[in-house]
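J.: no sequence for this one, just the structure:
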């Protein structure tokens, strides 16, 4: 705007105030456009909120569209001191008898500690490098033991070796001597430890004897030996996940037996369905509340008149209220499992009694109703939300882009109007300044004539 001002000394008029009021009047169209910009920006923000709620809805339906996540299973043990169990959705419902003969174990080789009274005692004082060689499983490892290496140093050589095949070395004090203990990290009969003939720390030439004869097998590498429903099984680990489909057994106690029961966790499935209903209602309520017109305040919701949100809401309602075709079971619509639509609010509501009954008698049919690969409600909802939420060509993104284009256009229009308004203000200042000068000239002439007539 103009940085000049017009004095009103000659006319007694406050031109600056007058110009300010005239410009304020002419600025009103700009203010209207600024308000529109704010409204469109608010719409973009509200669409972003809608996208977040749709994402939550998609997360909830994705849990219902696949068998592995829908069929929540639970397992229990007759005696948890014998074993623990866990399940996935693929587990088969049933009872299993498990008898454990022996547990899988890791090997442990213990040095005799002869001559070692401290962990800092030197194990190689020969004046030259020596070798400690061992095999774990099928992998042989040879370590160079430098002159002056201590017992702790040998332990560190084993643990810090980049080619360590899977053993851990420790030093323990038995009350008299300090001993090197080499333990396998993995269980199973294949994971044995042997001290090999290539070891030159042999007790001669100021060295400590670390050959095979100086070690005792404190614990033997062994497989787990157990039966499931009378079938004899061996495994290298006490964690077994490939015997009972979808069930992981963690064996804990030898010479013991117990039962494992796998059942459908209907309560968890019900919670997943409730999560879906809550997320659905959150979306539809959000659209509705932002599409209302308040007659008292005469204020419109941000989505009022928005075809994009109206289409989304209608499509969502069609998905949850329509019958699903092509299913082999006895269920084809959500209302049959106790999920109906409130005709006043449009929200979904659950009849818990009906849902629990159907979960107990028609679990597979409910899974198909949601997860049928072609027509399942969850499958269709998930795909639809992916489509409309696409950041490339989704309807929400396209609408946001369109709103942003309008905002950009309004910004250009406002800049042009501001420029013209500034020129108008400059022109007003120029004209009123000229008027003030003209009045000043007339005043000067009037004063002259008045003085002249007085003299005459």
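T.: Structure's in. What do you need? Fair warning: this is a prediction, and the values are worked out from it, not measured in the lab.

J.: give me the element residue 85 is part of.
T.: Using DSSP states H and E, residue 85 falls within strand 83-87.

J.: Repeat that for residue 429.
T.: Per DSSP H and E: helix 395-455 holds residue 429.

J.: With residue 225 instead?
T.: Taking DSSP H and E as the criterion, residue 225 maps to strand 224-228.

J.: got the contact list for that strand?
T.: 96-104, 187, 232-238, 240, 243-244, 251 (C-beta atoms under 8 Å, 6 or more residues apart in numbering). All C-beta spots, glycine's among them, are computed from the backbone N, C-alpha and C.

J.: Okay, buried residues for stretch 75-95 please.
T.: Neighbour-count burial for stretch 75-95 flags 75, 77, 82, 83, 85, 87, 89, 91 (criterion: 16 or more other C-beta atoms under 10 Å).

J.: need those in JSON lines with pLDDT and distance to residue 167, can you?
T.: Compiled in JSON lines, the buried residues of stretch 75-95 are given as follows (pLDDT from 0 to 100; distance: C-beta to C-beta, whole Å):
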{"residue": "75", "pLDDT": "95", "distance to residue 167": "34"}
{"residue": "77", "pLDDT": "97", "distance to residue 167": "33"}
{"residue": "82", "pLDDT": "98", "distance to residue 167": "30"}
{"residue": "83", "pLDDT": "98", "distance to residue 167": "27"}
{"residue": "85", "pLDDT": "97", "distance to residue 167": "30"}
{"residue": "87", "pLDDT": "93", "distance to residue 167": "34"}
{"residue": "89", "pLDDT": "84", "distance to residue 167": "38"}
{"residue": "91", "pLDDT": "89", "distance to residue 167": "35"}
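
J.: Just name the closest of these to residue 283, please.
T.: The nearest member of these to residue 283, counting by C-beta to C-beta, is residue 89 at 26.2 Å.

J.: and that closest one, how far is that from residue 191?
T.: Between residue 89 and residue 191 the computed distance is 33 Å (C-beta to C-beta, to the nearest Å).

J.: go on, residue 198?
T.: Counting by C-beta to C-beta, the gap from residue 198 to residue 191 is 20 Å.

J.: How about residue 82?
T.: With distances taken as C-beta to C-beta, residue 82 is found 24 Å from residue 191.

J.: Could you do residue 304 as well?
T.: Noted for residue 304: a distance of 70 Å to residue 191, by C-beta to C-beta.

J.: contacting residues for the nearest residue to residue 299 once chain neighbours are set aside?
T.: Counting by C-beta to C-beta, 6 or more residues apart in numbering, residue 293 is the residue found nearest to residue 299 once chain neighbours are left out, at 7.6 Å. Taking C-beta under 8 Å, 6+ apart, we find residue 293 in contact with 299, 300, 301, 304.

J.: Quick one: residues in contact with stretch 355-365.
T.: For stretch 355-365, contacts defined as C-beta under 8 Å, 6+ apart pick out 71, 264, 266, 269-270, 273, 327, 329-331, 336-339, 366.

J.: next one: stretch 109-121
T.: Under the contact criterion C-beta under 8 Å, 6+ apart, stretch 109-121 has outside partners 123, 150-152, 171, 173-174, 176-183, 193, 195, 208-210, 214-218.

J.: centre of the chain versus it, how much separation?
T.: 51 Å (C-alpha atoms, centre = their mean, to the nearest Å).

J.: and if you look at stretch 218-230?
T.: Taking the mean of its C-alpha atoms, stretch 218-230 sits 40 Å from the chain's own mean (C-alpha atoms, centre = their mean).

J.: Could you count how many residues lie near residue 308?
T.: Residue 308: 19 surrounding residues under other C-beta atoms under 10 Å.

J.: Would you mind measuring from the residue lying closest to it once chain neighbours are set aside to residue 390?
T.: Nearest non-adjacent residue to residue 308, counting by C-beta to C-beta, 6+ apart: residue 399, 4.5 Å away. For residue 399, the distance to residue 390 equals 12 Å [C-beta to C-beta].

J.: which of the two has more neighbours?
T.: A direct count of neighbours by other C-beta under 10 Å for residue 399 and residue 390 places residue 399 higher, at 18 against 13.

J.: Tell me the predicted confidence for that one.
T.: What the model reports for residue 399 is a pLDDT of 95.

J.: Equivalent analysis for the one 4 residues further on, please.
T.: In the predicted model, residue 403 carries a pLDDT score of 93.

J.: For it, which residues are in contact?
T.: Residues near residue 403 by C-beta under 8 Å, 6+ apart: 40, 43, 44, 47.

J.: Turn these into JSON lines, columns for neighbour count, distance to residue 384 and pLDDT.
T.: What follows is the contacts of residue 403, written out as JSON lines (neighbours: other C-beta atoms under 10 Å; distance: C-beta to C-beta, whole Å; pLDDT from 0 to 100):
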{"residue": "40", "neighbour count": "19", "distance to residue 384": "26", "pLDDT": "91"}
{"residue": "43", "neighbour count": "21", "distance to residue 384": "22", "pLDDT": "93"}
{"residue": "44", "neighbour count": "16", "distance to residue 384": "22", "pLDDT": "94"}
{"residue": "47", "neighbour count": "20", "distance to residue 384": "17", "pLDDT": "95"}
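
J.: For the most centrally placed residue in the chain, what is the enclosing helix or strand?
T.: By C-alpha atoms, centre = their mean, the chain has its centre lying nearest to residue 59, at 10.4 Å. Using DSSP H and E, residue 59 falls within helix 15-62.

J.: helices or strands up against that helix?
T.: Contacts defined by 3 or more C-beta pairs under 8 Å, 6 or more residues apart in numbering; DSSP states H and E place helix 15-62 against helix 266-289, helix 307-321, helix 377-388, helix 395-455.

J.: 6 Å - rerun?
T.: Under the contact definition 3 or more C-beta pairs under 6 Å, 6 or more residues apart in numbering; DSSP states H and E, helix 15-62 sits against helix 266-289, helix 377-388, helix 395-455.

J.: Please identify the most buried of those.
T.: Mean neighbours per residue, mean count of other C-beta atoms under 10 Å, is largest over the helices and strands packed on helix 15-62 for helix 377-388, with a mean of 20.
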